[in-house]
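> just coords:
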């Protein structure tokens, strides 16, 4: 164990308390999503395993460097592969997730093995993204494409040795880890960002690692989410005795960031609801503009379109069902 900083091109480490670190993904690194490293005193926990084994290997080295040991347990916040693509690095650890998360990961592992056998789909996708960058002149869109290209190149680089790895333990409800240095609570929160999320709370340090329940200073990704339950969870979290929240994407934040994310979800749901109720199409919804400050977020990446399309499908179906009942 050492106090010397650990440096990675894939993430930056932010010490939140003695032995507690947020690993915040760099924009052009192989991590893409955030992770956590927590020293309990006798054992080390990792929260999420990044998108790519290159970043996960650095997280393993950070654990050895900062805590003197490999992690005994790796916790997965949910099933999206940008949070567990690096799991093979931790195959000797206990890998813990909810049953629903593990089940949802199984077909993705099959797809990964198919891509390893035949990488042509991924190679073609990279060529198409590079072609788009070659003709794009708008700076924000160019940056988004550059991030996508970096991800695709890292995925292809590690594909020949990729070993999709599933959790070897599942849980429901709450697990409490008791250590010499601290007590940590692992809580399954149910539906929110996905059909089954979980988070890690550190009561003494007033810190929470919340996975993709949190997207700070950027649009959340909502197509697989349950907005009403997501908003309710965010609202509940603003009342917790916590000061620091580590999101799945974006910088370390506070309750202000939770409230802003909640407002975004409510805003996009309201925008789409207005279009649906007036008989508008999904293309009409895509032409709408979110209020400030979310209008600045809207232009970055492809999440706005994905969120609008998902919300439009869900709200149109709900309205049709209501009309049929009437």
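Noted; the coordinates are in hand. Note that this is a predicted model, so its numbers are computed, not measured.
> For residue 150, give me the pLDDT.
Per-residue confidence at residue 150 stands at 97 (pLDDT).
> Could you report the distance from it to residue 133?
Separation of residue 150 from residue 133 (CB to CB, to the nearest Å): 11 Å. C-betas here are computed from N, CA, C, even on glycine.
> what sits against residue 44?
The contact partners of residue 44, by CB atoms under 8 Å, 6 or more residues apart in numbering, come to 37-38, 63, 67, 69-72.
> For residue 264, give its distance to residue 214.
From residue 264 to residue 214 the distance is 12 Å (CB to CB).
> Tell me which of the two has more neighbours.
residue 214 (26 against 23; other CB atoms under 10 Å).
> Just the local confidence number for the nearest residue to that one once chain neighbours are set aside, please.
If the residues on either side of it in the chain are set aside, residue 214 comes closest to residue 247, at 2.9 Å by CB to CB, 6 or more residues apart in numbering. In this prediction, residue 247 carries a pLDDT score of 98.
> Look up how far residue 37 lies from residue 247.
Between residue 247 and residue 37 the distance is 16 Å, computed by CB to CB.
> ok, the two, which is more surrounded?
Under the neighbour definition other CB under 10 Å, residue 247 and residue 37 were set side by side, and residue 247 has more, 27 against 24.
> packing partners for whichever strand or helix holds the more buried one?
According to DSSP states H and E, residue 247 maps onto strand 244-249. The contact analysis (3 or more CB pairs under 8 Å, 6 or more residues apart in numbering; DSSP states H and E) places strand 244-249 against strand 207-215, helix 255-277.
> try it again with 6 Å
Here strand 244-249 touches strand 207-215, going by 3 or more CB pairs under 6 Å, 6 or more residues apart in numbering; DSSP states H and E.
> Could you list the residues in contact with the next helix or strand after the strand it packs on?
Per DSSP H and E, the first helix or strand lying C-terminal to strand 207-215 is helix 227-237. The contact list for helix 227-237, computed with CB atoms under 6 Å, 6 or more residues apart in numbering, reads 189, 191-192, 258, 262, 265, 269.
> just those now: which is nearest residue 201?
Using CB to CB, residue 189 is the member of these that sits closest to residue 201, with 10.7 Å.
> Could you report the distance from the closest one to residue 109?
The gap separating residue 189 from residue 109 is 24 Å, by CB to CB.
> quick one, which of those two is more surrounded?
Set side by side, residue 189 and residue 109 show more neighbours around residue 189, with 21 against 17, by other CB under 10 Å.
> just checking, the more buried one is part of a helix?
No: following the definition DSSP: H, G, I helix; E, B strand; the rest coil, residue 189 is strand and is not counted among the residues of a helix.
> What residues does it make contact with?
By CB under 6 Å, 6+ apart, residue 189 lies in contact with 197, 233.
> how much space between it and residue 100?
If you measure residue 189 against residue 100 using CB to CB, the figure is 12 Å.
> Check residue 240 too.
Residue 240 is 24 Å from residue 100, where distance means CB to CB.
> With neighbour numbers in mind, choose between these two.
Between residue 240 and residue 100, residue 100 has the larger neighbour count (other CB under 10 Å), namely 19 against 14.
> picking up where we left off before, now find how far off-centre the strand holding residue 247 is within its chain.
For strand 244-249, the distance from its own C-alpha centre to the chain's C-alpha centre is 9 Å (CA atoms, centre = their mean, to the nearest Å).
> for stretch 309-326, same thing?
Mean C-alpha position of stretch 309-326 versus that of the full chain (CA atoms, centre = their mean) differs by 28 Å.
> now do stretch 202-219
Here stretch 202-219 is found 11 Å from its chain centre; the criterion is CA atoms, centre = their mean.
> how many other residues sit next to residue 23?
Counted by other CB under 10 Å, the residues lying close to residue 23 total 26.
> ok, it - contacts?
Residues 11, 13, 35 are the ones in contact with residue 23 under the rule CB under 6 Å, 6+ apart.
> hang on, the last one packs against residue 48?
Yes: assessed by CB atoms under 6 Å, residue 35 is found in contact with residue 48 at 4.4 Å.
> What sits closest to residue 272 if chain neighbours are left out?
For residue 272, the closest residue by CB to CB, 6+ apart turns out to be residue 311, at 4.2 Å.
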